[in-house]
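>>> got a predicted structure plus its sequence, pasted below:
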Protein chains: 2
Amino acid sequence: MLTYDEALARILAQVTPLPAAETRLEHALGLVLSETIVSPIDLPPFANSSMDGFAVRAAEVQSPSTTLPIAGDIPAGALSIPALRPGTTLRIMTGAPMPEGADAVIPVEETQVQPGGSVTFLTAAALGDCVRPAGEDVIAGSVVLTAGTRLRPAAIGLCAAVGRSTVRVSPRPRVAIISTGDELVPPGQALKQGQIYNSNLYSLAAQVEEAGGIVTHRLLAFDTPESLREVFDQCAGADLLLTSGGVSVGDFDYVKAVFAERGTVDFWRVAIRPGKPLAFGHWGDTVFFGLPGNPVSSLVTFELFVRPALRRLLGHSDTSRPLISAHLSEEAHHNPGRQSFLRAVAVQNAGEYTVRPLPRQGSGMLGAAAEANALLIVPADLSVLLAGTTADVLLLD
Amino acid sequence: MLTYDEALARILAQVTPLPAAETRLEHALGLVLSETIVSPIDLPPFANSSMDGFAVRAAEVQSPSTTLPIAGDIPAGALSIPALRPGTTLRIMTGAPMPEGADAVIPVEETQVQPGGSVTFLTAAALGDCVRPAGEDVIAGSVVLTAGTRLRPAAIGLCAAVGRSTVRVSPRPRVAIISTGDELVPPGQALKQGQIYNSNLYSLAAQVEEAGGIVTHRLLAFDTPESLREVFDQCAGADLLLTSGGVSVGDFDYVKAVFAERGTVDFWRVAIRPGKPLAFGHWGDTVFFGLPGNPVSSLVTFELFVRPALRRLLGHSDTSRPLISAHLSEEAHHNPGRQSFLRAVAVQNAGEYTVRPLPRQGSGMLGAAAEANALLIVPADLSVLLAGTTADVLLLD
């Protein structure tokens, strides 16, 4: 049986970023650039004033209390700019182009406007005061963002500033989710004997969205080959297909067989707890994961395997949650034989992490799992990790 | 003039979470519960098998190689469950209800089915083996999530598992953004002399979405009172209204005046760099921020003031970015007089943070700001922070 590391490596070796798509900038937040952005323009595009004030020739304002006649106004966005005639000043607004002949701006706070249309400067001017030269931030032709950059808000602003209304990014993966089981009932309805609420469809969809995917299908299949075939075929063409339940050894576990009619399976089991039954394969261009049906197994195997694949589809270079080393605040037990991922609470204090395994670790214990912000990794060959020792921990939050 | 701390405290004292709204569970990811969720049912709702296998009376399988006739099947979701007759076994699927009379399950891997409809067990059974008792995870009537909890995927799954298809949460704030300036042109068009691309509308919208808000209006106003009045009035009823530009002292800065016709302003200036001109007020139930127009000032003041307000509207108790202490890898300079928030890169290594101020700190330096993942705080009364000393840093990512 594959270990966690082996299974994850096999998955990542077979999943590549989705083909780049030209995307409107307002929809690109958080996505990863597939292209390098070169600015076609200087930023700022022209020398401009960084303050509201008066444009001058610095050589004419070499001492405080110089007074000059105001020859006009330059608002930001003015389409024609008068030149600055010697012996005069022009009122100028923040961001407005510097007039020809001017080489400094004196901020309005340092001036006193006189009756009759002149202004007295309370300070001397030096060459370049309060002027932002053209290209001060970015020179035309230079790279402003490289391929592989995740677009945070400042990068989105920078794309706009250099004139881009669209960018090439790996698009959000379209994800289809199939929950399987005759016992499943949508929340909001009444339960009959032997039924439970279909929680995995909700938690998996939330995990997909949190990781940056778009949930295009939320389907429920009964435990019959006919029902599974019908819902599988509705999902054809998805970038990622997830099923929950129906992948273990029971007679009603038809997911394997029905998927194998359509795609190829790479592996069906991983030596981990929770989540031993876990399928990975391909159906044409669709990446397939068959997750176990226990709620906690579904949550954990998504974190361990599906989220990295989703982030790879999105073009992220860092596909995994942060792996840190933490001190155990109490003992952690498990049945040796498979590597365990115990639901845990990790706390950082003065740069050091402490981790506490939660008391109820059953694969149906969703109430306990909802408290967890971390997965504590227990090696397959140990049965206990002692309090005070350190262990590897995946941070979920 | 207010300091950063004073201004932030005044803002948070005047902003309260949006009234709770009943929200479909599939739209509640990341939102904050306004109610405490009590489970109306046991979880699991009935005793069930944790494995595919055979339901038995443990007392009848006290030694390996016991053989019993298979009296029937219990699939998950079966609506009527036969009782287990003494001296027989029932095939049972994971999640299926335990039949009356059975008190243990032997996993299929530990069995050998015989010709003629009986099964030999390769192991003895103990009371409760592979049985999940009703209420093992959650007992009916108990609290599963408290008001104030942010709904992560596991919590979304837990809400579904206890039957909730809707939850009461503070909804996503509806945010209107107005960019002001005659010089602004949408990206994708050609620039004329004196024009620049309207980047703030894009970076602010991205910041709003990253913080959990919904951008309902993206508007551009010219530097005239008429244009501002028209776009302001289109934004009536938003939860949050942001303007960019037009709040300093220039003759064309009409935002103050036009806003004051509609709402009340609490303050117009904060003693920080970048971002001294910064307005905060109310227009009916709409929270208003007038942000400065320089791209970097707009980005930074959003982080310092608008994001905490947005998170307060969303009901989060932690409204600010993480504030950490970091060692400077090189000197940081600024003009003393106002507290500065320098764009910087922070790196964590073995629990310790190092921070490097970026070289180009002008308020128009968007190219440099896009590299930053942190804001380095320089106190108002210092002009330099020396390399190797520690400073407060806000982490942006």
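Thanks, I have it. Numbers count the residues shown, from 1 in each chain, chains lettered A, B, ... in the order given.
>>> in the stretch 1-150 of chain A, what residue spans correspond to strands?
Under the criterion DSSP state E, counting those that start in this stretch, strands of the stretch 1-150 of chain A are mapped to A:21-24, A:37-38, A:48-49, A:53-56, A:67-74, A:89-92, A:104-107, A:111-114, A:118-121, A:131-132, A:143-145.
>>> out of the ones you listed, which is closest to residue B:9?
Proximity to residue B:9, assessed across those by CB to CB, is greatest for strand A:104-107 (29.7 Å). Where you see a C-beta, it was placed from the backbone N, CA and C, and this is true even at glycine.
>>> listing partners with orientation, what would you give for the closest one?
In the sheet, strand A:104-107 lines up against strand A:53-56 (antiparallel) (DSSP bridges).
>>> put the alpha carbons of the strand it pairs with into CSV.
The C-alpha trace of strand A:53-56 is given here as CSV (Å, rounded to 0.1, in the frame of the first residue of the first chain):
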residue,chain,number,x,y,z
GLY,A,53,0.3,73.5,-4.6
PHE,A,54,2.1,75.8,-7.1
ALA,A,55,4.5,74.8,-9.9
VAL,A,56,7.6,77.0,-10.1
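>>> so for residue B:143, which of the strands of the stretch 1-150 of chain A sits nearest?
Proximity to residue B:143 (CB to CB) singles out strand A:21-24 among those, at 43.1 Å.
>>> JSON lines for the strands of the stretch 1-150 of chain A, including mean neighbour count?
Converted to JSON lines, those look like this (neighbours: other CB atoms under 10 Å in any protein chain shown):
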{"stretch": "strand A:21-24", "mean neighbour count": "13"}
{"stretch": "strand A:37-38", "mean neighbour count": "16"}
{"stretch": "strand A:48-49", "mean neighbour count": "27"}
{"stretch": "strand A:53-56", "mean neighbour count": "27"}
{"stretch": "strand A:67-74", "mean neighbour count": "17"}
{"stretch": "strand A:89-92", "mean neighbour count": "27"}
{"stretch": "strand A:104-107", "mean neighbour count": "24"}
{"stretch": "strand A:111-114", "mean neighbour count": "14"}
{"stretch": "strand A:118-121", "mean neighbour count": "18"}
{"stretch": "strand A:131-132", "mean neighbour count": "22"}
{"stretch": "strand A:143-145", "mean neighbour count": "18"}
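>>> could those go into TSV alongside distance to residue B:123 and mean pLDDT?
Shown next, in TSV, are these (distance: least, CB to CB, whole Å; pLDDT from 0 to 100):
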stretch	distance to residue B:123	mean pLDDT
strand A:21-24	55	98
strand A:37-38	64	97
strand A:48-49	82	94
strand A:53-56	88	96
strand A:67-74	90	95
strand A:89-92	89	96
strand A:104-107	86	96
strand A:111-114	93	96
strand A:118-121	96	97
strand A:131-132	79	95
strand A:143-145	61	96
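>>> show me how chain A divides into domains.
If you go by automatic domain parsing, the domain ranges for chain A are A:4-17+A:171-313, A:24-41+A:136-169, A:48-132, A:323-395.
>>> so which of these comes closest to residue B:291?
Here domain A:24-41+A:136-169 is closest among these (CB to CB), at 12.6 Å.
>>> can you get me the start-to-end distance on that closest one?
End-to-end distance for domain A:24-41+A:136-169: 10 Å, by CA to CA, to the nearest Å.
>>> gap between it and the chain center?
Computed by CA atoms, centre = their mean, to the nearest Å, the chain-centroid distance of domain A:24-41+A:136-169 equals 16 Å.
>>> now swap in stretch A:315-322 and tell me
Distance, centroid of stretch A:315-322 to centroid of chain: 10 Å (CA atoms, centre = their mean).
>>> what does the average pLDDT come to for that stretch?
The average pLDDT for stretch A:315-322 rounds to 93.
>>> around residue A:1, how many other residues sit close by?
Neighbours of residue A:1 under the rule other CB atoms under 10 Å in any protein chain shown: 12.
>>> show the pLDDT at it.
89.
>>> next one: the one 5 residues further on
At residue A:6 the predicted local confidence, pLDDT, stands at 97.
>>> got it, and residue A:208?
Looking at residue A:208, its pLDDT reads 98.
>>> quick one, what contacts it?
Applying CB atoms under 8 Å, 6 or more residues apart in numbering or on different chains to residue A:208 gives the contacts A:175, A:177, A:214-215, A:240, A:242, A:310.
>>> residue B:18: which of the domains of chain A is closest?
domain A:4-17+A:171-313 (21.1 Å).
>>> picking that back up, the strands of the stretch 1-150 of chain A: which one's closest to residue B:258?
Closest among the strands of the stretch 1-150 of chain A, once you apply CB to CB, is strand A:67-74, at 20.3 Å.
>>> and the contacts of residue A:208 as JSON lines, adding secondary structure?
Output for the contacts of residue A:208, formatted as JSON lines (DSSP: H, G, I helix; E, B strand; the rest coil):
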{"residue": "A:175", "secondary structure": "strand"}
{"residue": "A:177", "secondary structure": "strand"}
{"residue": "A:214", "secondary structure": "strand"}
{"residue": "A:215", "secondary structure": "strand"}
{"residue": "A:240", "secondary structure": "strand"}
{"residue": "A:242", "secondary structure": "strand"}
{"residue": "A:310", "secondary structure": "helix"}
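>>> for these, which one is nearest residue A:206?
residue A:215 (9.0 Å).
>>> picking up where we left off before, make a markdown table out of the domains of chain A and add distance to residue B:324.
Listed next are these as a markdown table, based on distance: least, CB to CB, whole Å:
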| stretch | distance to residue B:324 |
| --- | --- |
| domain A:4-17+A:171-313 | 24 |
| domain A:24-41+A:136-169 | 19 |
| domain A:48-132 | 31 |
| domain A:323-395 | 9 |
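>>> wait, which of these is closest to residue B:354?
Of all the domains of chain A, it is domain A:323-395 that lies closest to residue B:354, at 12.2 Å by CB to CB.
>>> okay, how far is it across that closest one, tip to tip?
Terminal residues of domain A:323-395 lie 7 Å apart, using CA to CA.
>>> nearest to chain B: which residue in the stretch 201-350 of chain A?
In the stretch 201-350 of chain A, the residue that lies nearest chain B is residue A:203 (2.9 Å; CB to the nearest CB).
>>> report whether the helix or strand of chain A with the lowest mean pLDDT contacts chain B.
Least confident helix or strand of chain A, by mean pLDDT, DSSP states H and E, is helix A:366-369 with a mean of 86. Yes - using CB under 8 Å from any CB of the partner chain, we find that helix A:366-369 touches chain B at A:366-369.
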